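Visitor: what would the 3D arrangement of this be:
(one chain, ligands or ions: 1)
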Amino acid sequence: MLTRTTSSATPLLQELAARFPSNFVWGVATSAFQIEGAAVEDGKGASVWDSFCRKPGVIADNSDGQTACDHYHRWSEDLDLIASLGVGAYRFSVSWPRVRPGGSGAWNAKGLDFYERLVDGLLARGVTPYLTLNHWDLPDELQANGGWADRDTAYRFVEYARGMAARLGDRVASITTHNEPWVMSVLGHESGIFAPGVKDRATAMQVSHHLLLSHGLALQAMRAQGCQAKLGIVLNLAPLQPATDSAEDKAKTHLEDGLLLRWYMDPLFKGAYPADVLAHLGADAPHVQAGDMAAIGTSMDYLGVNYYSRGVVSAEGPWDTKNSGLPLTDMGWEIYPEGLTELLLRLHRDYAVPPLFVTENGCAMPDQLVAGQVQDNGRIDYIYRHIDAMAEAMRQGVRLDGYMVWSLMDNFEWAFGYEKRFGIVHVDYASQVRTLKHSALWYRDFLQHHKHVHANLLAAEA
Ligand code: FCB
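Guide: Numbers count the residues shown, from 1 in each chain. This is a model prediction of the structure:
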């Protein structure tokens, strides 16, 4: 591939950078539970992930989020680190139980102050904040009442959204309601490998409906109070391909696409759940009340897409990615950048989408810190090729406004604990020392090229 870290790469990087407009947003992303730590400090309540981590055997390395990257205490040096990369944007999430410990009732001033400092600290460093309200850490007290399976949680979420928009909506560029509703629904409530660990398909589908409903209602509520930030949602999407040309594989692929992509995109943009998926679910389909679909369809200012890989679907059972012959990341996910072009083109073609953002993209790699360096050329190659794939989608007419690398730094990778490293910055968890990996240096170089290319164009026009 085209990746180089030496100076011979300069023309390639310039060429790639020139394919993006000057106002294209480049960023890095994290989420609260994965980095903050301080799990029981300054009045924070427990989240479903705090409780889930205590169940034996559910986290690969038996770890938890008690300390994580200790970002709650090291936020200021972390913001310096972010600024040093030259990114224009930082996507982070607010921990709901930190700002409103029980999910309803009293708000926690110390928790709110933390996010005030974070947002003001970003702005002071010239980095634009992109806020996510729900990156999975639901207050445990709400879970005790049924969590997302209970319709009431949707109304509590609307209150939370209003509170955060009132507090920070004047300074953040965007507010995302939910990160990856499919993950909370299916991994949290059907397979149960993520918090809260429920294993019931009907519950999972009801959860997905309440997440979508609360998204729409929250958008309406935040707009009604005059929130100026752009509002949207973030979905995890992937193009799915049948393992063979057989009718069975193709039919299964269509259904899986219905469960992953159309189940979210259709109600958000077409006003209804897909009929074939409803038929497939039968009695497990969610209860929908009058007016819900209209609320879910509330217009958005942007749609965030998290893209990591494609999916291959076989009617014979789960697909082993080792059979594909493609290079795999440390998660065992296929490296398939052309899938990003394909996915963006499909969203553009099949739906009346608002401006798109790639809100997460990146890879876990078996990184080694040797003599103060992490030579993660595989990650550079991955990021390079996905940026190239975005440029191709834009060339073919897709309106794409930004890209955020997952992740700023190594962090708590959910059920995988600290064993999987997604960062462009290495974290030594014992000392909490952060070290820029070669991919971070590469990204910084690339962003400088992007700035220079446009500065030169401006100068040439003048
Ligand atoms: C996404 C999550 C993010 C991170 C990456 C690897 O599903 O949004 O928190 O775990 O995967």
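Visitor: give me the contacts around whichever helix or strand Y443 is part of.
Guide: Y443 belongs to helix 438-461 when assigned by DSSP states H and E. By C-beta atoms under 8 Å, 6 or more residues apart in numbering, the residues outside helix 438-461 that reach it are 5, 10, 13-14, 16-18, 20, 22, 24, 26, 84-87, 373-377, 379-380, 383-384, 387, 405, 424-425. Placement of C-beta: from N, CA and C, glycine included.
Visitor: can you get me a residue count around S84?
Guide: Number of residues near S84 (other C-beta atoms under 10 Å) recorded here: 13.
Visitor: and it, how far from the ligand?
Guide: Taking C-beta to the nearest ligand atom, to the nearest Å as the measure, S84 falls 23 Å from the ligand.
Visitor: contacts only, for that residue.
Guide: Contact partners of S84, counting by C-beta under 8 Å, 6+ apart, are R444.
Visitor: near the ligand, which residues of the stretch 201-350 of the chain?
Guide: 236, 306 (C-beta under 6 Å from any ligand atom).
Visitor: shaky segments in the stretch 201-350 of the chain?
Guide: Applying pLDDT under 70 to the stretch 201-350 of the chain flags no residue at all.
Visitor: which residue ranges of it form strands?
Guide: Shown for the stretch 201-350 of the chain, the strands assigned by DSSP state E, counting those that start in this stretch span residues 230-236, 240-242, 302-306, 311-313.
Visitor: turn the ones you listed into TSV, including mean neighbour count and distance to D410.
Guide: Listed next are the strands of the stretch 201-350 of the chain as TSV, based on neighbours: other C-beta atoms under 10 Å; distance: least, C-beta to C-beta, whole Å:
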stretch	mean neighbour count	distance to D410
strand 230-236	23	20
strand 240-242	20	29
strand 302-306	23	18
strand 311-313	20	26
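Visitor: TSV for these, including distance to E413?
Guide: Formatted as TSV, the strands of the stretch 201-350 of the chain follow (distance: least, C-beta to C-beta, whole Å):
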stretch	distance to E413
strand 230-236	15
strand 240-242	23
strand 302-306	14
strand 311-313	19
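Visitor: using the three-state scheme, assign A352.
Guide: coil (DSSP: H, G, I helix; E, B strand; the rest coil).
Visitor: that one and R399, how far apart?
Guide: According to C-beta to C-beta, to the nearest Å, A352 stands 12 Å off from R399.
Visitor: tell me, what's touching those two both at once?
Guide: With C-beta under 8 Å, 6+ apart, A352 and R399 have no common neighbours.
Visitor: the two: which is more packed in?
Guide: For A352 versus R399, the count of surrounding residues by other C-beta under 10 Å is larger for R399: 13 against 8.
Visitor: in the sheet, who's paired with H178?
Guide: According to DSSP bridges, the partner residues bridging H178 are N134.
Visitor: buried subset of the contacts of helix 438-461?
Guide: Buried subset of the contacts of helix 438-461 (neighbour count, 16 or more other C-beta atoms under 10 Å): 13, 16-18, 20, 24, 26, 85-87, 374, 376, 379-380, 383-384, 387, 405, 424-425.
Visitor: follow-up on the earlier one: for the helix holding Y443, buried residues please.
Guide: Buried residues in helix 438-461, counted by 16+ other C-beta under 10 Å: 438-447, 449-450, 453-454.
Visitor: centre of the chain versus it, how much separation?
Guide: The chain centroid and the centroid of helix 438-461 are separated by 25 Å, computed with C-alpha atoms, centre = their mean, to the nearest Å.
Visitor: same check on stretch 172-184?
Guide: 7 Å.
Visitor: can that stretch be said to contact the ligand?
Guide: Yes: Stretch 172-184 is in contact with the ligand by C-beta under 6 Å from any ligand atom, via 179-180, 183.
Visitor: look at R19 and tell me its secondary structure.
Guide: Three-state assignment for R19 (three-state DSSP): coil.
Visitor: for it, which non-adjacent residue is spatially closest?
Guide: Distance criterion C-beta to C-beta, 6 or more residues apart in numbering; nearest residue to R19, sequence neighbours excluded, is A391 at 4.0 Å.
Visitor: kindly report the same for D78.
Guide: H71 (5.6 Å).
Visitor: quick check: that neighbour touching I35?
Guide: Yes: using C-beta atoms under 8 Å, H71 is in contact with I35, at 4.2 Å.
Visitor: end to end on stretch 257-266, go ahead and measure it.
Guide: By C-alpha to C-alpha, to the nearest Å, the extent of stretch 257-266 from end to end equals 12 Å.
Visitor: what does stretch 130-142 give?
Guide: Its start and end residues considered, stretch 130-142 measures 26 Å (C-alpha to C-alpha).
Visitor: re earlier: closest one to H348 among the strands of the stretch 201-350 of the chain?
Guide: strand 302-306 (10.6 Å; C-beta to C-beta).
Visitor: from the buried residues of helix 438-461, which shows the smallest pLDDT?
Guide: When those are compared by pLDDT, H454 scores lowest at 88.
Visitor: up against the ligand, what does the stretch 351-462 of the chain have?
Guide: Counting by C-beta under 6 Å from any ligand atom, the residues of the stretch 351-462 of the chain close to the ligand are 360, 406, 413-414, 422.
Visitor: top of those by neighbour count?
Guide: Tallying neighbours with other C-beta under 10 Å puts F422 at the head of those, with 27 neighbours.
Visitor: how about the secondary structure of that residue?
Guide: Taken by three-state DSSP, the conformation at F422 corresponds to coil.
Visitor: hang on, isn't it packed against S407?
Guide: Yes: the pair F422 / S407 is scored as a contact, 4.6 Å apart, by C-beta under 8 Å.
Visitor: joint contacts of these two?
Guide: G362.
Visitor: where does Y336 fall, phi/psi-wise?
Guide: phi -140, psi 70 (degrees, to the nearest 10).
Visitor: that one: what's it in contact with?
Guide: Contacts of Y336 (C-beta under 8 Å, 6+ apart): 309-310, 326.
Visitor: ok, of the residues you listed, which come out buried?
Guide: Among the contacts of Y336, those buried by neighbour count (16+ other C-beta under 10 Å) are 309-310.
Visitor: make CSV from the contacts of Y336 and add distance to L237 to it.
Guide: Converted to CSV, those look like this (distance: C-beta to C-beta, whole Å):
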residue, distance to L237
S309, 11
R310, 10
L326, 19
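Visitor: tell me where the stretch 301-450 of the chain has helices.
Guide: Under the criterion DSSP state H, counting those that start in this stretch, the stretch 301-450 of the chain contains helices at 338-350, 377-395, 438-461.
Visitor: can you check the stretch 1-150 of the chain too?
Guide: Listed in chain order, the helices of the stretch 1-150 of the chain (DSSP H, counting those that start in this stretch) span 10-17, 32-35, 48-53, 71-84, 96-99, 109-124, 140-144.
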